[in-house]
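> what shape does this take:
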Amino acid sequence: LSYHSKYKISNFFSYSIKNGSTILVHGYSTTIAYSLIQARKQGKRFTVYITKAQPDDCGTIMEEELKKNDIDAKLILDIAIGFYMKDVDYVLVGADVVCENGGIINKIGTFTMAVCAKHFKKPFYVMIDSLKFLKMYPLDQVDVQQTLSKYIIDNGDVCCDFTPPEFITLLFTDIGILTPSAVSDELIQVFYT
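Prediction:
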């Protein structure tokens, strides 16, 4: 992901973050880290809960990076999202892929977090570069496993999941802030013009 894309995404995001916000993040994302650090440099104060993000515990990297930049960050167990969800203002995740239907493929646990956010009526935001938009239309978790075998680790465990578009509030991208339904229109422009 280029610096230019991260910069544009963080600018779009900076209008959304409010002082005193509490944000839930899933694991580590360079784009999310960059955007939160930029918001802090602009003087905004907020709290970030970060899932450990099993099986690789990449949330610890995010916690360290945010704390180094004077951001109130706390690492939580993945399974504890239901406990913390009631206290957050919104959920913020990165993604490996945005599918044609506006859904995303990301680290395992993202779908669970999205379901929990929807239950508690919390906005679920995605930060992603438009280069990760993919002409793919999964309908469920099985479609993802069959299409993206690189996300299946040696012991056969799946380490990514599919979050359908109805669980996503907005996508912050380098081409603007999009609703999941707008992703299809953007892909049409990319592939057919």
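> and the helices in the chain, which stretches?
All helices of the chain, identified by DSSP state H, fall at 3-14, 30-41, 59-68, 81-85, 110-119, 141-147, 180-192.
> out of these, the one nearest residue 101 is which?
helix 180-192 (6.8 Å; Cβ to Cβ). In this view, the C-beta of every residue, glycine as well, is placed from N, C-alpha and C.
> I'd like the mean pLDDT over that closest one, please.
On average, the pLDDT along helix 180-192 is 70.
> also stretch 27-38?
96.
> can you give me the buried ones in that stretch?
For stretch 27-38, the buried set under the neighbour-count rule, 16 or more other Cβ atoms under 10 Å, comprises 27, 28, 29, 31, 32, 33, 34, 35, 36, 37, 38.
> contacting residues for the nearest residue to the fourth one once chain neighbours are set aside?
The reference is to residue 31. Nearest non-adjacent residue to residue 31, counting by Cβ to Cβ, 6 or more residues apart in numbering: residue 127, 4.7 Å away. By Cβ atoms under 8 Å, 6 or more residues apart in numbering, the residues touching residue 127 are 9, 13, 29, 31-32, 35, 92-95, 171-173.
> how far away is residue 127 from residue 83?
Here residue 127 is placed at a distance of 24 Å from residue 83 (Cβ to Cβ, to the nearest Å).
> nearest residue to the middle of the protein?
residue 93 (1.5 Å; Cα atoms, centre = their mean).
> ok, the closest residue to it other than its chain neighbours - how many residues close by?
Of all residues not flanking residue 93 in the chain, residue 26 sits nearest, at 4.8 Å (Cβ to Cβ, 6+ apart). Residue 26 has 28 neighbours, counted by other Cβ atoms under 10 Å.
> mind listing what residue 26 touches?
50, 51, 53, 59, 91, 93, 94, 106, 107, 109, 110, 113.
> let's go with 6 Å and repeat that
Taking Cβ atoms under 6 Å, 6 or more residues apart in numbering, we find residue 26 in contact with 51, 93, 110, 113.
> same deal with residue 39?
Residue 39 is in contact with 14, 17, counting by Cβ under 6 Å, 6+ apart.
> look up how far residue 31 lies from it.
For residue 39 relative to residue 31 (Cβ to Cβ), the value is 13 Å.
> ok so, going back, ok, which of the helices of the chain comes nearest residue 133?
With respect to residue 133, and counting by Cβ to Cβ, the nearest of the helices of the chain is helix 180-192 at 5.6 Å.
> in a markdown table, list the helices of the chain along with distance to residue 100.
Converted to a markdown table, the helices of the chain look like this (distance: least, Cβ to Cβ, whole Å):
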| stretch | distance to residue 100 |
| --- | --- |
| helix 3-14 | 20 |
| helix 30-41 | 21 |
| helix 59-68 | 29 |
| helix 81-85 | 28 |
| helix 110-119 | 18 |
| helix 141-147 | 12 |
| helix 180-192 | 5 |
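> quick one: which of those helices is nearest residue 99?
helix 180-192 (7.7 Å).
> what's the neighbour count on residue 7?
For residue 7, the neighbour count with other Cβ under 10 Å is 13.
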